[in-house]
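give me a 3D structure for the following:
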Amino acid sequence: MRARSRALEAASTLLLLACAAATARAGEPARQEDHLFAFAVIADSHIKVSTSDDYRYIKAESISRELLANFVRDINSHVPPVDFTVHLGDITEAGTLQEFTWAGIVLDSLDCPLYPVVGNHDNFEGDYKQNFLDFSGLDSTHYCFDYFGINFIVIDCTLPRYLPPYVHCDYIVRTRTARDLAAKPDMPAIIFSHYNMWERYWNATFDTTEGYAEYLGVPWLREALEDAGNVLAVVNGHVHANRVEVHNDIYYIDVNATLVGRPSIRYFYVYANRIEVDYEYISDETLFNHVKGLCPLCTSCFDRDSVCAFVDGTVEDKRFTIPYDGKLAHVSRRAPCAFELDISRDDRGRLTATVASERSGVLGLSLYDVRGRRIDACRVYKGEEVLTVDLGSELPGLAGLPRGIYFISATLGGATRNRKIPVL
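Numbering: from 1, shown residues only. Below is the predicted model:
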């Protein structure tokens, strides 16, 4: 009996290990305790209609829209669910209205809010970024949003019209960023920027060289970030590579392009005392291999033999932990609860939200547009196991919404669920 018991124990252990491995492959972070929320970051999709690829910069332009659609599908099916997605700019190749229209068709398929950043390639039209603003629904290319106790700041260092090789990191940008940080000094902050804020000068096609005028003004911005004392990380695109460096306790994180090298998505899992950063390759092997196959064909890369590995980064560049002093511990004193959210519409067009969970407590409901701007919010008490809420009564902002994609976000017991509601 004792031998049989040991055998059963060993078999159980193997089963648990196999389940853990399967869960990790499905996208769970390495550490299995409950996280507060998760978000995805992508960059540099360079949406363009093209029948050929750009061999100078190894960009798979012929399949740029198919690649972006694969990224969206992977984010939508990710386990655990993604609360929001950030696109770090160069959404388009030339900033034309048609390119933004194509990008919008794909990105509107996301099942979570999108926070876009303007890139230099979104700014070639000389329209003072109007095409980007129309696409994003924003009134400014510099904006902030809070989520579960973290202050997210989107900054814009592009010129009114892009002029290579300059970054427009002037006094106004630096002052506004410092003001946004000072407004919430007790909140940890993450900066999203198209441009990298550390003068590494690397790119998929350029070696680490010095003297680019592009980065004039950036050291002063870094000083503002360091002086604030609450910046955890700066996350950027532009350089078409996965890299991370830590300077004066700030993580500077590069995110690779969607159509260069080995396409991957960065996922951020936020806990009360740290952020786990991970990555996953896109799921479509045909698309993946097409992009990877361009690496040795590059006509201007500094090292064609190793450019794919350079773009991809090391293991340390792709999986790491950002620690901090537990400022989010107050958000959830216990593990986030499990709950289900269902949105339904009856024959008269009335929207209701049904929340099912064993947990009782205050339920927060928020209405967002597709770009993550909050339109309305309410709080109701959930006492029973299944609660049905008339959203029209609790969220008056639903009335008279223009056609488009919107989201209902429900928060209960330290957990969040998002559901899409199209308005036709």
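
count the residues that sit near Leu387.
18 (other C-beta atoms under 10 Å). For the C-beta atoms, the positions are set from N, CA and C on the backbone; glycine is no exception.

which residues of the stretch 51-200 of the chain fall in strands?
Along the stretch 51-200 of the chain, counting by DSSP state E, counting those that start in this stretch, strands occupy 84-87, 114-116, 143-147, 150-154, 189-193.

worst mean pLDDT among these?
Lowest mean pLDDT within those: strand 143-147, a mean of 90.

what does that one contact?
Strand 143-147 has contacts (C-beta atoms under 8 Å, 6 or more residues apart in numbering) with 37, 39, 83-84, 115, 151-154, 180, 184, 187, 372.

do I have it right that Pro116 meets Leu133?
No. Under the criterion of C-beta atoms under 8 Å, Pro116 makes no contact with Leu133, lying 10.1 Å away.

who's more crowded, these two?
Set side by side, Pro116 and Leu133 show more neighbours around Pro116, with 25 against 15, by other C-beta under 10 Å.

any idea how far His290 is from that one?
Pro116 is 26 Å from His290, where distance means C-beta to C-beta, to the nearest Å.

I'd like the mean pLDDT over stretch 399-415, please.
pLDDT averaged over stretch 399-415 gives 86.

end-to-end on it?
Length of stretch 399-415, first residue to last, C-alpha to C-alpha, to the nearest Å: 27 Å.

give the other helices and strands that whichever strand or helix holds Val41 contacts.
Using DSSP states H and E, Val41 falls within strand 37-42. Counting contacts by 3 or more C-beta pairs under 8 Å, 6 or more residues apart in numbering; DSSP states H and E, strand 37-42 packs against helix 64-76, strand 84-87, strand 264-270.

with mean neighbour count and distance to Ser393 added, can I get those in JSON lines?
Shown next, in JSON lines, are the helices and strands packed on strand 37-42 (neighbours: other C-beta atoms under 10 Å; distance: least, C-beta to C-beta, whole Å):
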{"stretch": "helix 64-76", "mean neighbour count": "21", "distance to Ser393": "30"}
{"stretch": "strand 84-87", "mean neighbour count": "25", "distance to Ser393": "27"}
{"stretch": "strand 264-270", "mean neighbour count": "22", "distance to Ser393": "32"}
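
and for the residue lying closest to Leu159 once chain neighbours are set aside, the neighbour number?
Using C-beta to C-beta, 6 or more residues apart in numbering and skipping the chain neighbours, the partner closest in space to Leu159 is His168 (4.4 Å). By other C-beta under 10 Å, 18 other residues sit near His168.

got the contact list for His168?
His168 sits next to Asp156, Cys157, Thr158, Leu159, Pro160, Gly217 when contact means C-beta under 8 Å, 6+ apart.

how near is it to Ser300?
The gap separating His168 from Ser300 is 25 Å, by C-beta to C-beta.

ramachandran angles for the residue lying closest to Leu391 once chain neighbours are set aside?
Excluding the flanking residues, the one nearest Leu391 by C-beta to C-beta, 6+ apart is Leu351, at 4.3 Å. With angles defined as degrees, to the nearest 10, Leu351 sits at phi -100, psi 130.

could I get the full set of helices for this structure?
2-25, 64-76, 97-107, 130-136, 171-183, 218-228, 285-292, 307-312, 315-318, 391-394 (DSSP state H).

reformat the ones you listed as a markdown table; add mean pLDDT and distance to Asp346.
A markdown table is the format used below for the helices of the chain (pLDDT from 0 to 100; distance: least, C-beta to C-beta, whole Å):
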| stretch | mean pLDDT | distance to Asp346 |
| --- | --- | --- |
| helix 2-25 | 39 | 38 |
| helix 64-76 | 97 | 26 |
| helix 97-107 | 95 | 29 |
| helix 130-136 | 93 | 33 |
| helix 171-183 | 92 | 42 |
| helix 218-228 | 90 | 49 |
| helix 285-292 | 97 | 40 |
| helix 307-312 | 89 | 50 |
| helix 315-318 | 94 | 47 |
| helix 391-394 | 92 | 11 |
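
any idea how many residues pack against Ile408?
There are 21 residues near Ile408, going by other C-beta under 10 Å.

re the thing from before, kindly reformat the contacts of strand 143-147 as JSON lines containing distance to Val106.
Shown next, in JSON lines, are the contacts of strand 143-147 (distance: C-beta to C-beta, whole Å):
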{"residue": "Phe37", "distance to Val106": "24"}
{"residue": "Phe39", "distance to Val106": "19"}
{"residue": "Asp83", "distance to Val106": "20"}
{"residue": "Phe84", "distance to Val106": "17"}
{"residue": "Tyr115", "distance to Val106": "16"}
{"residue": "Asn151", "distance to Val106": "29"}
{"residue": "Phe152", "distance to Val106": "23"}
{"residue": "Ile153", "distance to Val106": "26"}
{"residue": "Val154", "distance to Val106": "20"}
{"residue": "Asp180", "distance to Val106": "30"}
{"residue": "Lys184", "distance to Val106": "33"}
{"residue": "Met187", "distance to Val106": "33"}
{"residue": "Gly372", "distance to Val106": "17"}
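
which of these are buried?
Phe37, Phe39, Asp83, Phe84, Tyr115, Asn151, Phe152, Ile153, Val154, Asp180, Lys184, Gly372 (16 or more other C-beta atoms under 10 Å).

quick check, pLDDT for the nearest residue to Pro263 once chain neighbours are set aside.
Residue nearest to Pro263 in three dimensions, not counting chain neighbours: Ile282, with 4.7 Å by C-beta to C-beta, 6+ apart. In this model, Ile282 is scored at 98, pLDDT.

quick check: Ile282 vs Glu384, distance?
42 Å.

comparing the two, which residue is more hemmed in?
Neighbour tally, Ile282 and Glu384, criterion other C-beta under 10 Å: the higher count belongs to Ile282, 19 against 10.

list the contacts for the more buried one?
Ile282 makes contacts with Leu67, Asn70, Phe71, Asp74, Pro263, Ser264, Ile265, Phe288, as judged by C-beta under 8 Å, 6+ apart.

format these as a markdown table; extra columns: distance to Ala356.
Below are these laid out as a markdown table (distance: C-beta to C-beta, whole Å):
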| residue | distance to Ala356 |
| --- | --- |
| Leu67 | 37 |
| Asn70 | 32 |
| Phe71 | 31 |
| Asp74 | 27 |
| Pro263 | 37 |
| Ser264 | 35 |
| Ile265 | 30 |
| Phe288 | 38 |
